[in-house]
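K.L.:
structure here, sequence nowhere to be found:
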């Protein structure tokens, strides 16, 4: 009798703690741009959630704190993204330097080796003029 009671108690305890709630994910994402077909990052994805669209850049952490350390930077909607990539073109063409803040993350943008170098306190990545122009064609 003790075994039956212990088995029932264990079954009830596991059953009450193991409840799974399923919610349908309404966020749709799609890759807008990728640096190369062989490389996973940097890439830009578009997320659509209830009619709101935002763009996110995924890139490899250049400081390599782990074997695979993918970072992301959410830029914002299409207009904000165009403005951001316009700033990158300005950096490449006119050798300007910018300190901007996007989503609470401070970015330092400057030209190096004919590319825009985007750096944060955590990591950094490069985008060439060719990359930026091909990204802007996607908008």
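P.N.:
Happy to help now that I have it. Owing to the predicted nature of the structure, the values given are computational and were not obtained by experimental measurement.

K.L.:
when you work out contacts or count neighbours from here on, use the C-alpha atoms and nothing else.
P.N.:
Will do.

K.L.:
confirm for me that residue 31 is in contact with residue 44.
P.N.:
Yes - shown here, residue 31 and residue 44 form a contact pair, counting by C-alpha atoms under 8 Å, at 5.9 Å.

K.L.:
with neighbour numbers in mind, choose between the two.
P.N.:
The residue with the greater number of neighbours, taking residue 31 and residue 44 and applying other C-alpha atoms under 10 Å, is residue 44; the counts read 22 against 13.

K.L.:
quick check: pLDDT value at that one.
P.N.:
The score at residue 44 is 76. That number is its pLDDT.

K.L.:
repeat for residue 114
P.N.:
Predicted confidence (pLDDT) for residue 114: 87.

K.L.:
what do you get for residue 124?
P.N.:
According to the prediction, residue 124 has pLDDT 80.

K.L.:
quick one: the helices in the chain?
P.N.:
In the chain, helices defined by DSSP state H lie at 2-17, 78-94, 129-136, listed in chain order.

K.L.:
only the buried residues of the last one, if you could.
P.N.:
By that I understand helix 129-136. Going by neighbour count (16 or more other C-alpha atoms under 10 Å), the buried part of helix 129-136 is 129, 131-132, 135.

K.L.:
of the residues you listed, closest to residue 90?
P.N.:
The nearest member of the buried residues of helix 129-136 to residue 90, counting by C-alpha to C-alpha, is residue 129 at 10.0 Å.

K.L.:
pLDDT on stretch 99-107, on average?
P.N.:
Averaged across stretch 99-107, pLDDT comes to 85.
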